[in-house]
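Asker: Let me see the structure of the following:
(one chain, ligands or ions: 2)
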Amino acid sequence: THSSRPQRLLRAVQKGAVRGDARSVVANIDRFCHHSEWAMNIGDEKGAILDSVVSEVNPALALELGTYCGYSTVRIARLLPPGGRLITLEFNPEYAAVARQVIEWAGLEDSVQLVEGGSGDWIPQLKEHFGVQSFDFVFLDHWKERYLPDIHLLEECELLRKGTVVLADNVVCPGAPDYLAYVRNSPAYQSSYFQSHLEYTKAVDGLEKSVYLGTTDA
Ligand SMILES: O=C(NCCO)c1cc(-c2ccc(F)cc2)cc(O)c1O
Ligand SMILES: [Mg+2]
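Answerer: Ligands and ions are numbered 1, 2, ... in the order given. As a prediction, the model looks like this:
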């Protein structure tokens, strides 16, 4: 009964990171992924771009689709303003179990709500379940083929407002071509691309930042 990679990543955090210190949790995951085992966290290079966008938006309410082990969850939550909240959705129960413990080790459990389940099922329930009106910031990092259906769902559920910033990971590798074509061609978005590299590798990847402009409806 061998451990899984997320479990080994969690053990590296519990062994090397200072409890309550989000920066050291991030640093220890990056060290583990650079020196022990690659894992699909956004990583340090793209993570710095994520940090700069989150700091610029300064979101009171943020949404993350795709928690995995909680690395980007911690990066985002540590930058929230006082009273700021992050809701993060994860479909895989094993990832969710590890992420809860990583978020706790970072001391950020009070500003993060982790929801276990599918984005397609949960997005329509966010308003009534969490008393959410609209998000200031959305980070897409889940199944790449869900980016497009889920951005449409967020629009239909009126969870985006004029100025909401949507940041998407992996628009080159593994890629989300249909999503990219949509946000780059839709008049409802002002989109820009940040070239970077796939976490912990030299392969090209990038983030797409799309500002929602609202609909043209009267
Ligand atoms: O599937 C992904 N996320 C959703 C599941 O949690 C994901 C995959 C990869 C990746 C994998 C395999 C490879 F060869 C290249 C890239 C990278 C990422 O940043 C990701 O977010
Ligand atoms: Mg990713």
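Asker: Pull out the buried residues from stretch 92-100.
Answerer: 95-100 (16 or more other C-beta atoms under 10 Å). The way it works is simple: take the backbone N, C-alpha and C, and place the C-beta from them, glycine included.
Asker: cool, and stretch 182-200?
Answerer: 182-183, 188-189, 191, 194, 196-200.
Asker: any idea what sits nearest the closest residue to ligand 1 within the chain, other than its immediate chain neighbours?
Answerer: The nearest approach of the chain to ligand 1 comes at residue 40, 3.9 Å away (C-beta to the nearest ligand atom). Nearest residue to residue 40 in three dimensions, chain neighbours excluded: residue 68, at 6.2 Å (C-beta to C-beta, 6 or more residues apart in numbering).
Asker: Could you pull up the residues touching the one you found?
Answerer: Contact analysis of residue 68 by C-beta atoms under 8 Å, 6 or more residues apart in numbering lists 6, 39-41, 90, 95, 99, 141.
Asker: Are we agreed that the residue of the chain closest to ligand 1 is in a helix?
Answerer: No: Residue 40 is assigned coil when assessed by DSSP: H, G, I helix; E, B strand; the rest coil, not a helix.
Asker: Read off the pLDDT value for it.
Answerer: You'll see residue 40 listed with a pLDDT of 98.
Asker: Need the phi and psi values for it.
Answerer: phi -90, psi 40 (degrees, to the nearest 10).
Asker: Neighbours of it, how many?
Answerer: By other C-beta atoms under 10 Å, 18 other residues sit near residue 40.
Asker: What of residue 44?
Answerer: Applying other C-beta under 10 Å, we find 18 residues neighbouring residue 44.
Asker: In terms of helices and strands, where is it?
Answerer: helix 43-57 (DSSP states H and E).
Asker: likewise residue 161?
Answerer: Counting by DSSP H and E, residue 161 is found in strand 160-168.
Asker: can you pull the buried residues of that strand?
Answerer: For strand 160-168, using 16+ other C-beta under 10 Å, the buried residues are 160, 164-168.
Asker: For ligand 2, tell me whether that strand is touching it.
Answerer: No: applying C-beta under 5 Å from the ion, one finds strand 160-168 separated from ligand 2 by no less than 9.0 Å.
Asker: where does the protein dip in pLDDT?
Answerer: In the predicted model of the chain, residues 1, 218 satisfy pLDDT under 70.
Asker: all helices of it, in order?
Answerer: 5-16, 22-35, 43-57, 71-77, 93-105, 119-122, 126-130, 147-156, 177-185 (DSSP state H).
Asker: and residue 208, which of the ones you listed is closest to it?
Answerer: helix 177-185 (6.2 Å; C-beta to C-beta).
Asker: what's the distance between that closest one and the middle of its chain?
Answerer: 19 Å (C-alpha atoms, centre = their mean, to the nearest Å).
Asker: Tell me which residues are up against it.
Answerer: Helix 177-185 is contacted by residues 140, 144, 147-148, 151, 166, 168, 171, 189, 191, 208, 210 when judged by C-beta under 8 Å, 6+ apart.
Asker: now those in CSV, with distance to residue 74?
Answerer: Listed next are the contacts of helix 177-185 as CSV, based on distance: C-beta to C-beta, whole Å:
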residue, distance to residue 74
140, 17
144, 22
147, 22
148, 27
151, 24
166, 20
168, 19
171, 22
189, 28
191, 27
208, 22
210, 24
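Asker: Thanks a lot, catch you later.
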